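**Student:** Curious how this folds, go ahead:
(one chain, ligands or ions: 1)
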Amino acid sequence: MVVTRFAPSPTGYLHIGHALSALAGWRRARRAGGRFLLRIEDIDHTRCSARFSAAIIEDLAWLGIDWDGDVLVQSARLPAYQARLDELRARGLLYPCFCTRADLAGHEIYPGTCCSLTRGECEARMAAGQIPAWRLDCGKAAREVGSLRYVEEREGLMSVAAERFGDVVLGRRDIGLSYHLCVVHDDADQGVTHVTRGDDLRASTPIHVMLQALFGLPVPVYAHHPLINDESGRKFSKSQAAPALRSLRQAGRAAAAILADIERMEC
Ligand code: GLU
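**Tutor:** Predicted coordinates for the structure are as follows:
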């Protein structure tokens, strides 16, 4: 059975780009007679708020997008993610990183600075009160799992080049966890078969496939959809201001008209 999900982070009000993502997953499931799930990805307590979580539920209902079963709220299941992180640490696949933002300036891929710290050096820094981030030792992980592939629905088989993402952070210094770790745990735990989401997350997919391999989890099919452009042709990503669905609603726009707009933009 096809199982899809919409997994917004409640850091603001849903906008038209989110509506496209939600609709893509909803249609994919409904057309196949499958299940569509809603997950609130709110592990980042520094940016998420309950007010926005409530607004997500209200805005989806207004659009007429319904979901199956209970809403999964990530902040209610932190121990499960922590256990995943602990497992990787116990397997020697993580190392602590003490680099500051300034240390990393100009590096797109982590240069591996802290990978060569000795256990003693790490313990001394932690004993002195320094809180590390925890990075995946990507070379070691790649040697463990071998070559990896996944299916991008409209494009076919894609291969995973681990050196492109490098030693990503799986345990953030501020919240102790990371999006990558939690999304992989939940997609498997909820039996998601098709991950429908925006192109802005395409670059994260190889990291997710690597984690699935490390944990022995099934690999869903991925279907990344193009991002919606604003009038000047710039992509509406999460960081850019796009009209919030509730502003459109307050301005008198009908949900059906918004869905029709999205349908047009998709083709
Ligand atoms: N929570 C993520 C976001 O809002 C999306 C996660 C996903 O679809 O994989 O950017």
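**Student:** Any stretches of this structure with poor pLDDT?
**Tutor:** 230-241, 266-267 (pLDDT under 70).
**Student:** Okay, helices next: where are they in it?
**Tutor:** 16-31, 50-63, 78-90, 101-104, 119-127, 138-145, 179-189, 205-215, 245-250, 255-266 (DSSP state H).
**Student:** on contacts alone, who are the packing partners of the last one?
**Tutor:** Translated: helix 255-266. helix 16-31, helix 50-63, helix 245-250 (3 or more CB pairs under 8 Å, 6 or more residues apart in numbering; DSSP states H and E). (C-beta placed from N, C-alpha, C; glycine too.)
**Student:** Count the residues that sit near the residue of the stretch 51-200 of the chain found nearest the ligand.
**Tutor:** Proximity of the stretch 51-200 of the chain to the ligand (CB to the nearest ligand atom) peaks at Arg197, 3.7 Å away. By the criterion of other CB atoms under 10 Å, Arg197 has 21 neighbours.
**Student:** Specify the beta-bridge partners of it.
**Tutor:** Here Arg197 sits in beta bridges with His224, as judged by DSSP bridges.
**Student:** most packed of the helices and strands packed on helix 255-266?
**Tutor:** Ranked by mean neighbour count under mean count of other CB atoms under 10 Å, these are led by helix 16-31, which reaches a mean of 21.
**Student:** ok so, going back, in CSV: the helices of the chain, plus distance to Met158.
**Tutor:** CSV is the format used below for the helices of the chain (distance: least, CB to CB, whole Å):
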stretch, distance to Met158
helix 16-31, 19
helix 50-63, 30
helix 78-90, 24
helix 101-104, 27
helix 119-127, 35
helix 138-145, 16
helix 179-189, 17
helix 205-215, 8
helix 245-250, 32
helix 255-266, 22
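**Student:** Reformat those as JSON lines; add distance to the ligand.
**Tutor:** Below are these laid out as JSON lines (distance: least, CB to the nearest ligand atom, whole Å):
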{"stretch": "helix 16-31", "distance to the ligand": "7"}
{"stretch": "helix 50-63", "distance to the ligand": "10"}
{"stretch": "helix 78-90", "distance to the ligand": "14"}
{"stretch": "helix 101-104", "distance to the ligand": "21"}
{"stretch": "helix 119-127", "distance to the ligand": "30"}
{"stretch": "helix 138-145", "distance to the ligand": "20"}
{"stretch": "helix 179-189", "distance to the ligand": "5"}
{"stretch": "helix 205-215", "distance to the ligand": "8"}
{"stretch": "helix 245-250", "distance to the ligand": "15"}
{"stretch": "helix 255-266", "distance to the ligand": "17"}
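**Student:** Any idea which of these gets closest to Val168?
**Tutor:** helix 205-215 (5.6 Å; CB to CB).
**Student:** That closest one versus helix 179-189: what angle between them?
**Tutor:** 60 degrees (axes from the mean of the first three to the mean of the last three CA atoms, to 10 degrees).
**Student:** re the thing from before, which one of the helices of the chain lies closest to Glu163?
**Tutor:** By CB to CB (comparing all of the helices of the chain), the closest turns out to be helix 138-145, at 7.5 Å.
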